[in-house]
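> Quick one: sequence plus predicted model below, questions after.
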Amino acid sequence: SLLEDGGKVAFCGQSANSVNDASRRLPGCEHRGFVCDIRSEQQVSEMIDAIVAEFGTIDVLVNNAAINKRGRFSDVDYEDIRDVVAINLLGHILVTKVALPNISPGGRLINISSVAGARYLDQCLAYCVAKAGLDCFTRGLAVEVAERRITANAIAPWYTDTPLTNAFLSAKDRVARIEE
């Protein structure tokens, strides 16, 4: 793995708790965590500047921030829809835009998307729209960065056991619908 080969890791989270939790899972490797709201251009710029100052160029950028606000579209507040799109799509675009000048030739851009970008998931319309946009962004970006030998890819997992999906996956009726 990259960590076993001496890779250095920088990452961010929305809170000090999330950053500290992630740090505890990275013993024995050089890493630095940042509290950063990826909706804020200033915070993202400061974070990328600090990463470059400490580690040099960026070889691999993984965008994996995600939130979801479940509910029928007509019942979800617009502010919740805006937050889902701002973090799941626009935040990834912002981090990529700010980081891109510092990504080394031959580098890798990886966006964590979802099968929700290609198919509707019940009560997740804003999430699906954001992930579809992320997939399109990734395809277009791949063309634009190819001349620098940078690859851009999206990974689109199905439901994965994370804090974002715990409550949903614990409801047996929902799991039965997924398995259909």
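Alright, I've got the coordinates.

> In its sheet, which strands sit next to whichever strand in the chain runs longest, and in what direction?
Secondary structure assigned by DSSP state E gives strand 103-112 as the longest strand of the chain. Using DSSP bridges, the strands paired with strand 103-112 in its sheet are strand 58-63 (parallel), strand 151-155 (parallel).

> Could you dump those strands into CSV with mean neighbour count and mean pLDDT added?
Backbone N, C-alpha and C define where each C-beta goes, glycine included. Conversion of the strands paired with strand 103-112 to CSV gives the following (neighbours: other Cβ atoms under 10 Å; pLDDT from 0 to 100):
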stretch, mean neighbour count, mean pLDDT
strand 58-63, 18, 96
strand 151-155, 17, 97
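
> Can you add distance to Ile51 and give these back as a markdown table?
Below are the strands paired with strand 103-112 laid out as a markdown table (distance: least, Cβ to Cβ, whole Å):
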| stretch | distance to Ile51 |
| --- | --- |
| strand 58-63 | 7 |
| strand 151-155 | 19 |
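
> can you map out the helices along the chain?
16-24, 41-55, 78-85, 91-99, 125-145, 166-170, 172-179 (DSSP state H).

> Export the ones you listed as TSV, with columns for mean neighbour count.
Putting the helices of the chain into TSV (neighbours: other Cβ atoms under 10 Å) gives the following:
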stretch	mean neighbour count
helix 16-24	13
helix 41-55	15
helix 78-85	15
helix 91-99	20
helix 125-145	19
helix 166-170	12
helix 172-179	10
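
> Which stretch among these approaches Ser113 most closely?
Closest to Ser113 of those, according to Cβ to Cβ: helix 125-145, at 5.0 Å.

> what helices or strands is that closest one leaning on?
With contacts defined as 3 or more Cβ pairs under 8 Å, 6 or more residues apart in numbering; DSSP states H and E, the packing partners of helix 125-145 are helix 78-85, helix 91-99, strand 103-112, strand 151-155.

> Number of residues surrounding the nearest residue to Arg148 once chain neighbours are set aside?
Computed as Cβ to Cβ, 6 or more residues apart in numbering, the closest residue to Arg148 that is not its neighbour in sequence is Pro105, at 5.3 Å. For Pro105, the neighbour count with other Cβ atoms under 10 Å is 10.

> how near is Pro105 to Val145?
Noted for Pro105: a distance of 10 Å to Val145, by Cβ to Cβ, to the nearest Å.

> so where's the chain uncertain?
1, 158-180 (pLDDT under 70).

> ok, back up a step: kindly reformat the helices of the chain as JSON lines and extend each row with distance to Val115.
Shown next, in JSON lines, are these (distance: least, Cβ to Cβ, whole Å):
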{"stretch": "helix 16-24", "distance to Val115": "25"}
{"stretch": "helix 41-55", "distance to Val115": "27"}
{"stretch": "helix 78-85", "distance to Val115": "16"}
{"stretch": "helix 91-99", "distance to Val115": "17"}
{"stretch": "helix 125-145", "distance to Val115": "8"}
{"stretch": "helix 166-170", "distance to Val115": "14"}
{"stretch": "helix 172-179", "distance to Val115": "10"}
